[in-house]
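Student: no sequence for this one, just the structure:
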């Protein structure tokens, strides 16, 4: 089943890798290079899934996530936060803003592609926290 997926990231190499994998699976992929553009695309397209980088120009991933969660009609939208860092404090902040889960770095692109197809669940962000 094809899904509408938004990749919001300002790193072209990361976007290209994820976009390639998602399109291979037949998904409709939209790309935003900053937080403000991400919100415009969410408004226009209403994606099933948002892959959201934490550090972006215009508005951070946290701010975009909060804006999405404020709208009742978007509260069920699946959001996965992307970050190369992924320290415990950042993961907790992402969860607090309404992200469903978190993944660290580009090495997770295969996992993201599978999760976006809904054929393999992502680990909850709490499972990524150090004990």
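Tutor: Received, thanks. These numbers were taken from a predicted model, which means no experiment stands behind them.
Student: in what helix or strand does residue 50 lie?
Tutor: Assigning secondary structure by DSSP states H and E places residue 50 in strand 49-53.
Student: Tell me which helix or strand comes right after the longest helix seen in the chain.
Tutor: In the chain, taking DSSP state H as the definition, the longest helix is helix 12-24. On the C-terminal side of helix 12-24, the nearest following helix or strand under DSSP H and E is strand 28-32.
Student: for the record, mean pLDDT for that next one?
Tutor: The predicted model assigns strand 28-32 a mean pLDDT of 95.
Student: tell me what it is packed against?
Tutor: Using 3 or more C-beta pairs under 8 Å, 6 or more residues apart in numbering; DSSP states H and E, the elements in contact with strand 28-32 are strand 4-8, helix 12-24, helix 35-45. Bear in mind the C-beta positions are built from the backbone N, C-alpha and C, glycine included.
Student: ranking these by burial, who's on top?
Tutor: strand 4-8 (a mean of 24; mean count of other C-beta atoms under 10 Å).
Student: Tell me the helices and strands packed up against that one.
Tutor: In this structure, strand 4-8 makes packing contacts with helix 12-24, strand 28-32, helix 35-45, strand 49-53, judged by 3+ C-beta pairs under 8 Å, 6+ apart.
Student: Shouldn't residue 76 be within a helix?
Tutor: No - checked against DSSP: H, G, I helix; E, B strand; the rest coil, residue 76 lies outside a helix; its state is coil.
Student: and it, how far is that from residue 55?
Tutor: Applying C-beta to C-beta, to the nearest Å, one obtains 26 Å for the distance of residue 76 from residue 55.
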